[in-house]
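Undergrad: Provided below for reference: sequence and predicted model.
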Amino acid sequence: MRQFLVIAMLVAVAPALVAQDPRLEARLDPATRAAVAALVDSARAAGLPTEPIIDKALEGTTKRASSDRIIAAIHTLSADLQAARTALGATAPDGDVIAGASAIRAGAQPEILEQIKGVRGKAGISVPLAVFADLVARGVPADTASNVILHLAEGGASDADYAGLERTVARDIGAGAPPGASAAIRARVSTGEVGAAAVGGPPPGVPATPKDPKGKPASRP
Amino acid sequence: MHDDDQHDELIARVADELRAPVALDPAFDARVMAEVRRAAPSRWQRALRWWTEPRPLRVSPLTGLACAAGVAALLVVGTVSLRPASPSPMKGAVATGVAVPAEPGSEMVQFVLVAPQASSVAVVGDFNDWDPRRTPLRAEAAGGVWSVNVSLRSGQHQYAFVVDGKEWRPDPAAPRAVTDDFGSPNSVIVVGGKST
Amino acid sequence: MTDRSDPALIRQVLDGNPDAYGALVARYRERYARFAVHMLGEREDAEEALQDAFLRAYRSLAQCADPARFDAWLFRILANRCRTAGARRARRSRTFVRDEVALGEASAEHPAERREWREEIHRALERLEADQREAFLLKHVEDLSYEEMSALTGAGISALKMRVKRACERLRVMLGEVQHA
């Protein structure tokens, strides 16, 4: 009982003590470390995953960023994590919240997270969000990319379908296609709205026949 | 905190001095991990686990097709994707044991950088705490081709190379992360086709 | 980003992914390097003991009873390595810990004084008995509780308290002289 009280006091009184991640201890100067630890604790208290915050601090350290810059980056990240948490709900797994925050940072509207989650259900949102991030990184405008991944979800795309789309878009862009156009067209091929022949052949692995929009194709467990 | 000892200022000063972190040889991690890989669990132990634990198919047929066609797959990073002259990544990846299944939900990824003038190359990213000491690349015999295989969990990862311990170099052949918090851009890789 | 807790990493290693052990090495090497260096008085010996400890821990990873307490388990292995290494070196003449060993809040002001003070501390530490030195470091530098120290070293709590007390007394004598000189 006494131990519990002591711990409770420590948690309440000394945020730095609770978040003694050895990685922060070893690589951050004391002032930055204290500020980061406090932000980690706030995030934890708000039900947000803390690993991305620690990761961001370590990234900043490796890049020799100033303390102010590291703290600013963490504030931005925390806000994105909070927005993702709000969109996905209190029981959403940390992995989804983290992927959601990355998507928001890359330009997705938080509402899109909710929509994809609604459509995908148990299939989860991490793969669609990862593909979103990749598309945006390749130059697809954020709103186009958002529509693409939602469109695929509504068409019952499996994880493999998402991977296939991403590969094809990457190849198209490499061959000189405008990123947004490629993504939009390939998305429609994927759901069968546009015949593969119209764009010179199906992407590898994507069936040429339209999928049943109601049921999801058999996917792996 | 120090209840029974006669805690005084001198002892406190001594302790403060001794608490300073110590510098380790930068190659420490690499030395330990070299030994660890040599001592990795035997094949039969791994095979036993493979049979006794149900696990989903690690490599999707799509990926397999892509490999066969020589098309850059999601798994591959580096000077590959769309330039036929570059070394084929899947050759290198298979040769270093990608055939052995990584942990479910992970894929083996080969990071490659061509840097003939470099004396050291490391990859840093969200999978190794951005620590340049953790994941050094090895240079092939000639030609300045550096590579390393890393097991990455499914999902998106950011990373970059650190050349000669000080130069930040994003992957020339991978997409850039759209946002950059610190003025040094990262590269992006997306791994796997399975949701976690 | 994933679950990178110690138990999760250990699970990955035992599932056949030795690279995951690298994360554990990186996580603990600095913290335990410090202890090894002050126990053994020389960086090379400390690195050897530390490397040895990590490898032993790797080889017996499946026997780690409580993966959530991997850090304490590893520390125990390291403390044993240091004791063995220290006993081996008892005959050899010791060298002082070199100045470049300590990083941390290295201040630009008074570097020469700082270095001297550090060397005095190390000299004094070396003159302690191994048991006392170990107990002092665990209590005052690594901030372990006596319970944790007892679990780590196998010694009883009152024995440990006595060692710490004696270590403090001797340090006070040796370093107090230095200060007043």
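TA: Nice, I can see it.

Undergrad: only C-alpha atoms for contact and neighbour calcs from this point on.
TA: Will do.

Undergrad: quickly note the distance from B:Ser120 to chain A.
TA: 16 Å (CA to the nearest CA, to the nearest Å).

Undergrad: quick check: that residue touching B:Val163?
TA: Yes - under the criterion of CA atoms under 8 Å, B:Ser120 makes contact with B:Val163 at 5.8 Å.

Undergrad: give me the helix or strand of chain B that scores worst on average pLDDT.
TA: helix B:89-95 (a mean of 26; mean pLDDT, DSSP states H and E).

Undergrad: what does chain A give?
TA: Result, chain A / mean pLDDT, DSSP H and E: helix A:15-18, a mean of 46.

Undergrad: ok, now how distant is C:Leu175 from chain A?
TA: Taking CA to the nearest CA, one finds C:Leu175 at 27 Å from chain A.

Undergrad: in the helix or strand encompassing that residue, what counts as buried?
TA: Here C:Leu175, judged by DSSP states H and E, is contained in helix C:157-180. Within helix C:157-180, the residues scored as buried using 16 or more other CA atoms under 10 Å in any protein chain shown are C:157, C:160-161, C:163-168, C:170-172, C:174-175.

Undergrad: which residue is nearest the middle of chain A?
TA: Nearest to the mean C-alpha position of chain A, counting by CA atoms, centre = their mean, stands A:Ala99 at 1.9 Å.

Undergrad: ok, that residue to chain B distance?
TA: 8 Å.

Undergrad: so what's A:Ile173 up against?
TA: By CA atoms under 8 Å, 6 or more residues apart in numbering or on different chains, the contact set of A:Ile173 is A:Arg138, A:Pro179, A:Ser182.

Undergrad: of those residues, which are in range of chain C?
TA: For chain C, no contacts are drawn from the contacts of A:Ile173 by CA under 8 Å from any CA of the partner chain.

Undergrad: okay, the residues you listed in TSV with neighbour count, distance to A:Ala31 and secondary structure next?
TA: As requested, the contacts of A:Ile173 are exported to TSV (neighbours: other CA atoms under 10 Å in any protein chain shown; distance: CA to CA, whole Å; DSSP: H, G, I helix; E, B strand; the rest coil):
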residue	neighbour count	distance to A:Ala31	secondary structure
A:Arg138	22	38	coil
A:Pro179	21	44	helix
A:Ser182	20	48	helix
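
Undergrad: which among these gets closest to chain C?
TA: A:Arg138 (21.2 Å; CA to the nearest CA).

Undergrad: counting neighbours, what do you get for B:Arg133?
TA: B:Arg133 is flanked by 20 other residues according to other CA atoms under 10 Å in any protein chain shown.

Undergrad: you'd agree it is in a strand?
TA: No - note on B:Arg133: no strand contains this position according to DSSP: H, G, I helix; E, B strand; the rest coil, which reports coil.

Undergrad: can you give me the helices in chain B?
TA: Under the criterion DSSP state H, helices of chain B are mapped to B:9-18, B:28-38, B:43-52, B:61-68, B:89-95.

Undergrad: could you tell me the least trusted of the ones you listed?
TA: In terms of average pLDDT, helix B:89-95 trails the rest of the helices of chain B, at a mean of 26.

Undergrad: tell me what the longest helix anywhere in chain A is packed against?
TA: The residue-count maximum for a helix in chain A (DSSP H) belongs to helix A:67-88. Here helix A:67-88 touches helix A:30-45, helix A:51-62, helix A:94-105, helix A:110-120, going by 3 or more CA pairs under 8 Å, 6 or more residues apart in numbering or on different chains; DSSP states H and E.

Undergrad: show me what counts as buried in the lowest-mean-pLDDT helix or strand in chain C.
TA: Using mean pLDDT, DSSP H and E, helix C:111-127 stands out as the lowest-scoring helix or strand of chain C, at a mean of 82. Counting neighbours by 16+ other CA under 10 Å, one finds that the buried residues in helix C:111-127 are C:Arg114, C:Arg115, C:Trp117, C:Arg118, C:Glu119, C:Glu120, C:Ile121, C:His122, C:Arg123, C:Ala124, C:Leu125, C:Glu126.

Undergrad: cool, and stretch A:69-88?
TA: Neighbour-count burial for stretch A:69-88 [16+ other CA under 10 Å]: A:69-71, A:73-74, A:77-88.

Undergrad: now do it: distance to the chain's middle.
TA: Remark: stretch A:69-88 is offset 12 Å from the chain centroid, using CA atoms, centre = their mean, to the nearest Å.

Undergrad: stretch B:111-120 and chain C in contact?
TA: No - using CA under 8 Å from any CA, stretch B:111-120 never reaches chain C; the gap is at least 14.6 Å.

Undergrad: restricting to C-alpha, output that stretch in CSV.
TA: Provided in CSV are the C-alpha atoms of stretch B:111-120 (Å, rounded to 0.1, in the frame of the first residue of the first chain):
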residue,chain,number,x,y,z
PHE,B,111,18.8,-1.2,-48.0
VAL,B,112,21.3,-0.3,-50.7
LEU,B,113,23.4,2.7,-51.3
VAL,B,114,26.0,3.3,-54.0
ALA,B,115,28.7,5.4,-52.4
PRO,B,116,32.2,4.6,-53.8
GLN,B,117,33.9,7.4,-51.9
ALA,B,118,32.4,6.5,-48.5
SER,B,119,34.3,4.9,-45.7
SER,B,120,31.2,4.1,-43.7
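
Undergrad: buried stuff in that stretch?
TA: B:Phe111, B:Val112, B:Leu113, B:Val114, B:Ser120.

Undergrad: quick one, strands of chain C?
TA: For chain C, applying DSSP state E gives no strands.

Undergrad: what sits closest to the residue nearest in space to the middle of it if chain neighbours are left out?
TA: Nearest to the geometric centre of chain C sits C:Phe35, at 1.8 Å (CA atoms, centre = their mean). Leaving aside its sequence neighbours, C:Phe35 sits nearest to C:Leu137 (CA to CA, 6 or more residues apart in numbering or on different chains; 7.0 Å).
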